[in-house]
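Sequence first, then the predicted structure, then my questions.
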Amino acid sequence: MKVRLTAVLLLGLLMLSVFGATYPDKPVTLIAPGSPGGGWDTTARVVAQVLKETGLVTQTIVVTNMPGGGGGIGLAHMQTKVGDPYTIIVFSPPLLLINLTGQTKYSFKDLTPLAMVLHDYGAFAVSKKSKYTSIKEIMEALKTNPKSVKVGGISAYGSMDHIQFLIAAKAAGVTSLKDITYVSFQEGDHLAALLGGHIDVLSTGLAETVNAVQAGAARVLAVTAPQRVAGLLSMVPTLREEGIDAEFVNWRGFFGPLNMPSHAVEYWISTFKNMVETPTWENKLANYGWGRAFVAGTDFKAFLEKTNDLYKEILSELGLYKGE
Amino acid sequence: METLQYLLYGLEVVLRPSTFLWLTIGSFLGTVIGMIPGLGPATGIALLLPLTFVLKPETALVAMAAIYFGAMFGGSRSAILLNIPGDASAVATCFDGYPMTLKGEAEAALAISAIASFVGGFIAAIAFVFLAVPLSKIALLFGPPEYFALMVLALTATASLSEGKLLKGLFATAIGLMTTAVGLDPQTSVSRFTFGNLELQGGIDFLVVIMGVYGLGEVFKSVEKTLNKSSAKSIQRQFKKIWITKEQFKRTLIPMLRATPIGFIIGLLPGTGGTIAALMSYNVEKKLSKEPEKFGKGAIEGVAAPEAANNACSIGAMIPTFTLGIPGSGTAAIMLGALMMYGLQPGPLLFEFRPEVGWGIVASLFVGNFICAVLNIPLANLLVRVLMVPEKILYPLVIALCFIGVYAAEMSVVNLYLLVFFGILGYLMRKLDIPTAPMILASVIGTKLEQSLRKSLMLSDGDFSIFFRSTISQILIALTILSLLYPMISKTLKRRRT
Amino acid sequence: MYKVERIFNVLALAFGIIYTIASLKLPRAPVGDPMGPIYFPLGLGIFMAVLGALMLITSKKDDSARHENFQKKNFTIVIIIVALGIAYSFLFNKLGFIASTLLFLLALLFLINGPKSWLKNILISVIFTVGIWLLFERVFLITLP
């Protein structure tokens, strides 16, 4: 019995050493730091699917949801994975924002940037029963009484969904930005809150609103893209068309933990580079109304540093910056 | 009768060989996954997500739906035989299922749990067909303050059930809620009670609480007993046919029919789930029963009601998921993810443009429930063999399973230490006669309770009157007060009678 | 038993008070209402303290006849299992799943099932450990350390 067991163990070790030569040799965990159905989750799942379909990655990619803290919980989790080549995470502007507003002590510097793969944009949606028919009307209502419109979003207070609305409101001439009610719905209940009339306007990503628009339950009043987006929401005007001089780009990219081994970093950068050139990926971009983008490695890091300064400026203006 | 035509079409889709095969596989896998403590339907479906790369959408979603209700069937097996809920929603099944086993009525408990699951699931499936659209509108009326009131009601009702021990029940509730206050605050990321531990920032998974209190805590107590007695009392080893008597069926029919709508409606509400449904229906049965003292000591109604409710709930939870894209539970959320991986958008349009998917899922609810019932009654016969393992061997294995289960849930070693902690806590609570059910419910819904409180206050700008504004809230609050006063009222009533 | 009950009530009251103080000491929220993250734990602490006080006031001497005795002998076995559990948690990542689980199960079986049936104990431990490992690695594709 014991001899046989030893033999089995040895055989197992042998197999490990033969197949273990190429990275990745076991399933990779891809963390979506939000709940299912949100922007991070959708991006993670779509990318995992494209990588599998195109055969770029043959190992299983396990998408794990880790919602909470506007991404802070996922970011904190990554700090327990330092040096691990088998855990990557998807992130977007909140990675910078939650640090700038003082909600987490961790920043993009506590991760290894791999590649930015797409641009998404924000959308402002109302229920089909809403009395508001344009974003202008909402802004006018806010000008007279900042408490009259309740804004909801998915990201945490002071994070992306909140900021993109405040940027638009500021450009529209609303002054008492701090008094605007903003509630964060992080458990996938944002649409229910909008359709049930518990909030007046939902500020979130394009993809998150598509379901409800298609079902005829909600209307999108404006998008934060520089020009109109393709697909279902192509009839929706941009903020500029509505006379509000503002835009907000929601870039999404992938990160490894700090001190990720360099072979793993190189593997993912080249894999994502190949992925964005496939027709399958093109199809997905069109499906979700996403914009094409690719920035990797040190360029991505430089972009993050520059963007971080920009957000810092915006947040200071809004009185939300809590840094030194 | 357009609906019926669509339903027939859905049935035709489900009965195609490939779909039917996957439906059966899903039901079987679901039952097995549900039985293993620590692995619930959410884990099961998530682990099978890669299947979506190879299967057609209708086949994959039907298989996933089958796992969902298969797990509801399976979770009760380990609850009845080992007093460990295989799945969180089987907690209530432990209360009377395990005492039934101790009384030597394991056969009836296993049979009624499968029958009740089937009845609950089948009726809920019929309701799904006709009520999907109108009902999802009612669920929308629940905003943060209404959810808050609903959850407070669920907690006080459970605590007040521990008769004569209301204060201890509330104490257990408070402990359970405290477990959810650990970790990063979801609204502001403020770190609370983590003592600088990074892994604790994600909070304490209620699974660890359940496995600690029900798994380890129970084993501690039993091990102590086994070793203290010079001749350990042997559990019944011979089993008769897994079925129930006519008299038992008569006793459980009405409870099953009452529990089904409770479970179904709770399932409709986003974010609630099988655990609340099961506990609520258990509470209702206990309060309506002519012999409430029998509950907790092996009353067959106490098994039938929660089992019918949690299956009905799993189906109710699919309504907002597929009609509005708003998942009614964590498991439904993963199914929604699978749907979106196919590029399919949920909504009324799903049923119109892709009827093979939409109505295929609906039809699979009927066929799948039937398959599960058929699988589970003979399977139960096999599973009863688990009990034939002597306790002295069984307990070490159960202890090991608890540890492995909590580790697998989050791949975290901190969970192992927490498990030991909650095991001790569960043991002490039993020693001090403190009810454990309120603590479990609190640990499951605590986070949502706090979030709904916070969201309400943000919406009202800190004005507490928001909790009393809507009629729904007012009714729920009135019921809460009633449930707190219930022990006193029932005492006075009893005194008057004698 | 009345004494144990009393001690428990006092502990509940004390814990409630300590928890309340700890809640007040939690960091304030950097955004929104600074007290936001504190309301819930604060309420819980006060609730717990009030419950402790109420239980202390209402507990009667005849109330606790049902309790089992806290005997030293009873505790020993539980304490040993707890110690084993902590050792297992500690060794889990260091020795890996197979080795640590094998040791843990062996220890538990020898403790509970007794050293007489040593062969059975060893066989069960090996089969169970390897079986679980295969189930996770091969069927569920969950990698254990």
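Arrived safely.

In chain C, what residue comes closest to chain A?
Distance from chain A to each residue of chain C (CB to the nearest CB) is smallest for residue C:30, at 3.5 Å. Glycine gets a C-beta too; all of them are placed from N, C-alpha and C.

Would you check how far apart that residue and chain B are?
Noted for residue C:30: a distance of 7 Å to chain B, by CB to the nearest CB, to the nearest Å.

Could you identify the longest helix within chain B?
Longest helix in chain B by number of residues, with DSSP state H as the criterion: helix B:106-140.

Sort out which residues of it are buried, please.
Buried residues in helix B:106-140, counted by 16 or more other CB atoms under 10 Å in any protein chain shown: B:106-125, B:127-129, B:131-132, B:135-136, B:139-140.

Could I get the average pLDDT for stretch A:225-243?
Averaging pLDDT along stretch A:225-243 yields 89.

CA atoms of it as PDB?
Listed next in PDB are the C-alpha coordinates belonging to stretch A:225-243 (Å, rounded to 0.1, in the frame of the first residue of the first chain):
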ATOM      1  CA  ALA A 225     -18.100  59.900 -24.800                       C
ATOM      2  CA  PRO A 226     -16.400  62.400 -27.000                       C
ATOM      3  CA  GLN A 227     -18.600  61.300 -29.900                       C
ATOM      4  CA  ARG A 228     -21.700  59.100 -30.300                       C
ATOM      5  CA  VAL A 229     -21.200  55.400 -29.500                       C
ATOM      6  CA  ALA A 230     -22.000  52.600 -31.900                       C
ATOM      7  CA  GLY A 231     -24.800  50.100 -31.300                       C
ATOM      8  CA  LEU A 232     -28.000  50.300 -29.400                       C
ATOM      9  CA  LEU A 233     -27.200  53.700 -27.700                       C
ATOM     10  CA  SER A 234     -26.300  55.400 -31.000                       C
ATOM     11  CA  MET A 235     -29.400  57.600 -30.700                       C
ATOM     12  CA  VAL A 236     -28.200  59.000 -27.400                       C
ATOM     13  CA  PRO A 237     -26.600  62.400 -27.600                       C
ATOM     14  CA  THR A 238     -23.200  63.100 -26.000                       C
ATOM     15  CA  LEU A 239     -22.900  65.700 -23.200                       C
ATOM     16  CA  ARG A 240     -21.400  68.200 -25.700                       C
ATOM     17  CA  GLU A 241     -24.300  67.900 -28.000                       C
ATOM     18  CA  GLU A 242     -26.500  68.700 -25.100                       C
ATOM     19  CA  GLY A 243     -24.500  71.900 -24.500                       C
END
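
Need the contact partners of it.
Outside stretch A:225-243, the residues that touch it by CB atoms under 8 Å, 6 or more residues apart in numbering or on different chains are A:121, A:123, A:134-136, A:168, A:171-172, A:206, A:209-210, A:213-214, A:220-224, A:245-247, A:249, A:286-289, A:291.

out of the residues you listed, which touch chain B?
A:210, A:214, A:287 (CB under 8 Å from any CB of the partner chain).

which one of these is nearest residue A:50?
residue A:287 (11.2 Å; CB to CB).

So which elements touch whichever strand or helix holds the closest one?
Following DSSP states H and E, one finds residue A:287 within helix A:279-288. Packing partners of helix A:279-288 (3 or more CB pairs under 8 Å, 6 or more residues apart in numbering or on different chains; DSSP states H and E): helix A:39-53, helix A:206-214.

which SS class is the closest residue to chain C within the stretch 1-150 of chain A?
Residue of the stretch 1-150 of chain A nearest chain C, by CB to the nearest CB: residue A:102 (3.5 Å). Here residue A:102 is recorded as coil under DSSP: H, G, I helix; E, B strand; the rest coil.

hmm, back to that, if any of the contacts of stretch A:225-243 are buried, put those into a PyMOL selection.
In PyMOL, a selection of the buried entries from the contacts of stretch A:225-243 looks like this (16+ other CB under 10 Å):
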select buried, chain A and resi 121+123+135+168+171+172+206+209+210+213+214+220+221+222+223+224+246+247+249+288+289+291
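
And the helices in chain C?
Under the criterion DSSP H, chain C contains helices at C:2-24, C:36-58, C:72-95, C:97-112, C:118-134.

cool, chain A as well?
Under DSSP H, chain A gives helices at A:2-19, A:39-53, A:72-78, A:94-100, A:135-144, A:160-171, A:190-195, A:206-214, A:262-276, A:279-288, A:297-318.

Centroid-nearest residue for chain C?
Central residue check for chain C by CA atoms, centre = their mean: the C-alpha nearest the mean position is that of residue C:82, 8.6 Å away.

for that one, what are its contacts?
By CB under 8 Å, 6+ apart, the residues touching residue C:82 are B:420, B:423-424.

Just the buried subset of those residues, please.
Neighbour counting over these (16+ other CB under 10 Å) leaves B:420, B:423-424 as the buried ones.

what residue ranges in chain C score low on pLDDT?
Within chain C, the segments meeting pLDDT under 70 span C:1-2, C:60-74, C:139-143.

repeat that for 80
Applying pLDDT under 80 to chain C flags residues C:1-3, C:30-33, C:59-75, C:135-145.

still on that earlier bit, redo the helices and strands packed on helix A:279-288 as JSON lines? Include mean pLDDT.
Listed next are the helices and strands packed on helix A:279-288 as JSON lines, based on pLDDT from 0 to 100:
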{"stretch": "helix A:39-53", "mean pLDDT": "89"}
{"stretch": "helix A:206-214", "mean pLDDT": "79"}
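
For these, give me a markdown table that also has distance to chain C.
A markdown table is the format used below for the helices and strands packed on helix A:279-288 (distance: least, CB to the nearest CB, whole Å):
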| stretch | distance to chain C |
| --- | --- |
| helix A:39-53 | 14 |
| helix A:206-214 | 22 |
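
Need these in JSON lines (columns: distance to residue B:370).
Listed next are the helices and strands packed on helix A:279-288 as JSON lines, based on distance: least, CB to CB, whole Å:
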{"stretch": "helix A:39-53", "distance to residue B:370": "32"}
{"stretch": "helix A:206-214", "distance to residue B:370": "32"}
